[in-house]
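Student: this one's sequence-less:
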Ligand SMILES: Nc1ncnc2c1ncn2[C@@H]1O[C@H](COP(=O)(O)OP(=O)(O)OP(=O)(O)O)[C@@H](O)[C@H]1O
Ligand SMILES: O=P(O)(O)OC[C@H]1O[C@](O)(CO)[C@@H](O)[C@@H]1O
Ligand SMILES: [Mg+2]
């Protein structure tokens, strides 16, 4: 296929030569729409402008092209069917690329950076903290770096911890977050007042969707008060439920850990007569961990996720399927994400209303419920026949471990991207990989973008073809 793209054109004509018959067809590429990236200069007059100290780094020796400018972009979608107007109808969306800028807007000697971790654990949290500290220190010469303990509430209720490279040296080898984390405790006024009182002017907020919604509020309040404070979000969620970015850090590590649980469930199930191995995995409202662990393991007979309702009884139901599987193979492995099947679990009115401290709905435990339903079914339909369900709940084990090698490298790139953007004066943004390259995405967009499993796309079809499980669509 030939592509002809004249520069400086709003709507870009493209000529494609047919693969089969050499015919040419003319299409046109729509204009690029660039997402505006907030900058301190939007509301702070007379900002400092300094040459990037990386210029003097003995390690980097910046060559032409090392520094990125506002004209360096990443397209949000890189795959198009040019013949479909809908594919490109709204224009091509683009983000600014992440990386060092020639001019920085903070004097490193005047920087007081604060790092906070919020929400649940995720492999790699400590690596991100470590790399923020080491990156600020080594790349930019920042010396005043603080950890805010225990999530958002720590801003106004606890003393910050002074951090330096020596202190964080081994943190990437530890699971959890050395700063501690929490849910709830978001009090906007108290938080921004504390930030002002402590003199923090760079905020690195590591967390999931809830954290990003909170960070947007802090960002708006900072703008409202016209403060020379830059805030950036580093997306963290073991569930991989944050949208726009390719995937969240720690997710691959969690999937690897999940596979170990599936292996154990498979061994247990195989070694019993009519054995079922049941594994519950994390995934409050998305089934990415369950899906990816199922695809990589290949030992799973049925994968149940929140995005795909299932039912137990009758034609096309789980019990009918398991009956067949046990007859064929003598064993079966089920993986269930924690948010799946919630509608089927009986709960009191009070339980329906229950929320955690951050306002997330509290789910009933689908694992023990399903185990008990399986047992009831077998006793009813196969009285006297041998049957075993081995239930494994590795929920917290998969997120409490240190990051694997891939996630560790990813965490470093995320941290460095965040630092470069903040030092350049950007604010209200999130760093993350988009189609394999790192970009800056307005925080407001990330806070509302969700990444759920699309049960109509090829990946879910792949799961179904690997497991041969029912589609659970009642006819
Ligand atoms: N809408 C919101 N406005 C302000 N703060 C919020 C909002 N939603 C959540 N938060 C705060 O963000 C923090 C983390 O939120 P939450 O517990 O939902 O975890 P998360 O960031 O989504 O991470 P994860 O889901 O991976 O555990 C909490 O302190 C919570 O109070
Ligand atoms: O028990 P905690 O710490 O509230 O966290 C549980 C939740 O955190 C997550 O790991 C991330 O949101 C979910 O999968 C899970 O529902
Ligand atoms: Mg969340």
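Tutor: Happy to help now that I have it. Since the model is a prediction, treat every value here as computed from it, not as a measurement. Ligands and ions are numbered 1, 2, ... in the order given.
Student: what residues does the protein put near ligand 2?
Tutor: Residues of the chain lying close to ligand 2 by Cβ under 6 Å from any ligand atom are 120, 208, 237, 238, 239, 282, 283, 284, 338, 356, 399. The C-beta positions use only the backbone N, C-alpha and C, and glycine is treated the same way.
Student: Among those residues, name the buried ones.
Tutor: Among the residues of the chain next to ligand 2, those buried by neighbour count (16 or more other Cβ atoms under 10 Å) are 120, 208, 237, 238, 239, 282, 283, 284, 338, 399.
Student: ok, which of those residues also contact ligand 1?
Tutor: Near ligand 1, by the rule Cβ under 6 Å from any ligand atom, you find 120, 208, 237 out of those.
Student: Setting aside sequence neighbours, what's the nearest residue to the second one?
Tutor: In this structure, residue 208 finds its nearest non-sequential neighbour in residue 237, 3.8 Å apart by Cβ to Cβ, 6 or more residues apart in numbering.
Student: Could you tell me the model confidence score at the residue in the stretch 351-475 of the chain that ligand 3 sits nearest to?
Tutor: Among all residues of the stretch 351-475 of the chain, residue 360 sits closest to ligand 3, at 6.5 Å; criterion: Cβ to the ion. Looking at residue 360, its pLDDT stands at 92.
Student: Hmm, residue 211 and it touching each other?
Tutor: No. With contacts counted by Cβ atoms under 8 Å, residue 360 stays clear of residue 211, the gap being 11.9 Å.
Student: Where do the strands of the stretch 151-300 of the chain begin and end?
Tutor: Along the stretch 151-300 of the chain, counting by DSSP state E, counting those that start in this stretch, strands occupy 161-163, 202-207, 230-235, 275-281.
Student: Tabulate these in TSV, adding columns for distance to residue 345, mean pLDDT and mean neighbour count.
Tutor: Shown next, in TSV, are those (distance: least, Cβ to Cβ, whole Å; pLDDT from 0 to 100; neighbours: other Cβ atoms under 10 Å):
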stretch	distance to residue 345	mean pLDDT	mean neighbour count
strand 161-163	42	98	17
strand 202-207	29	98	26
strand 230-235	30	98	28
strand 275-281	13	98	27
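Student: nearest to ligand 1, of those?
Tutor: For the strands of the stretch 151-300 of the chain, proximity to ligand 1 was assessed by Cβ to the nearest ligand atom; strand 202-207 is nearest, at 3.8 Å.
Student: That closest one vs strand 230-235, what angle?
Tutor: Interaxial angle of strand 202-207 relative to strand 230-235 (axes from the mean of the first three to the mean of the last three Cα atoms, to 10 degrees): 20 degrees.
Student: quick one: strand 202-207 near ligand 1?
Tutor: Yes. Using Cβ under 6 Å from any ligand atom, we find that strand 202-207 touches ligand 1 at residue 207.
Student: what lines up beside that strand in the sheet?
Tutor: When sheet partners are counted by DSSP bridges, strand 202-207 sits next to strand 113-117 (parallel), strand 230-235 (parallel).
Student: That one: how far from the chain's middle?
Tutor: In terms of Cα atoms, centre = their mean, to the nearest Å, the centre of strand 202-207 is found 15 Å from the chain centre.
Student: can you list contacts of that strand?
Tutor: For strand 202-207, the external contacting residues (Cβ atoms under 8 Å, 6 or more residues apart in numbering) are 106, 111-119, 125, 128-129, 132, 151, 195, 211-212, 214-215, 218, 229-236, 418, 422.
Student: Keep those residues, but drop any that are not near ligand 1.
Tutor: 118, 119, 151, 211, 214.
Student: Could you measure from the residue nearest to the last one when sequence neighbours are not counted over to ligand 3?
Tutor: If you skip the residues right next to it in sequence, residue 214 has residue 186 as its closest partner in space, 5.0 Å away by Cβ to Cβ, 6+ apart. If you measure residue 186 against ligand 3 using Cβ to the ion, to the nearest Å, the figure is 13 Å.
Student: and if you look at residue 143?
Tutor: Residue 143 is 34 Å from ligand 3, by Cβ to the ion.
Student: is it true that that residue touches residue 112?
Tutor: No. Counting by Cβ under 8 Å, residue 143 does not reach residue 112; the two are 9.6 Å apart.
Student: So what would you say the end-to-end distance of stretch 244-254 is?
Tutor: The straight-line separation of the ends of stretch 244-254 (Cα to Cα, to the nearest Å) is 20 Å.
Student: do the same with stretch 158-175
Tutor: Start and end residues of stretch 158-175 are separated by 22 Å (Cα to Cα).
Student: please begin residue numbering at 355 from this point
Tutor: Sounds good: first residue 355 from here, last item stretch 512-529.
Student: I'd like to know how many residues surround the nearest residue to residue 611 once chain neighbours are set aside.
Tutor: Nearest residue to residue 611 in three dimensions, chain neighbours excluded: residue 752, at 3.9 Å (Cβ to Cβ, 6+ apart). Neighbour count of residue 752, defined by other Cβ atoms under 10 Å: 24.
Student: Report the contact partners of residue 752.
Tutor: Residue 752 is in contact with 592, 607, 608, 611, 612, 615, 635, 636, 643, counting by Cβ under 8 Å, 6+ apart.
Student: Turn those into a markdown table, columns for distance to residue 389.
Tutor: A markdown table is the format used below for the contacts of residue 752 (distance: Cβ to Cβ, whole Å):
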| residue | distance to residue 389 |
| --- | --- |
| 592 | 27 |
| 607 | 30 |
| 608 | 29 |
| 611 | 35 |
| 612 | 34 |
| 615 | 40 |
| 635 | 34 |
| 636 | 31 |
| 643 | 29 |
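Student: where along the stretch 455-604 of the chain do the helices fall?
Tutor: Ranges of helices within the stretch 455-604 of the chain are 479-494, 507-511, 519-522, 542-552, 563-578, based on DSSP state H, counting those that start in this stretch.
Student: Please identify the deepest-packed of those helices.
Tutor: Scoring those by mean neighbour count under mean count of other Cβ atoms under 10 Å gives helix 479-494 as the most buried, with a mean of 24.
Student: Just give me how far stretch 798-817 sits from the chain centre.
Tutor: Centroid separation between stretch 798-817 and its chain, computed with Cα atoms, centre = their mean, is 12 Å.
Student: Wondering if that stretch reaches ligand 1 at all.
Tutor: No. Between stretch 798-817 and ligand 1, judged by Cβ under 6 Å from any ligand atom, nothing touches; the nearest distance is 8.2 Å.
Student: need the residues of this structure near ligand 1, please.
Tutor: Residues of the chain lying close to ligand 1 (Cβ under 6 Å from any ligand atom) are 472-474, 505-506, 537-540, 561-565, 567-568, 571, 591, 712-714.
Student: Now stretch 601-617: buried residues?
Tutor: Buried residues in stretch 601-617, counted by 16+ other Cβ under 10 Å: 601-613, 615-616.
Student: among those residues, which two are most distant?
Tutor: 603 and 616 (22.1 Å; Cβ to Cβ).
Student: Would you report the backbone torsion angles of the nearest residue to residue 580 once chain neighbours are set aside?
Tutor: Using Cβ to Cβ, 6+ apart and skipping the chain neighbours, the partner closest in space to residue 580 is residue 397 (5.5 Å). Backbone dihedrals for residue 397, given as degrees, to the nearest 10, come out at phi -140, psi -10.
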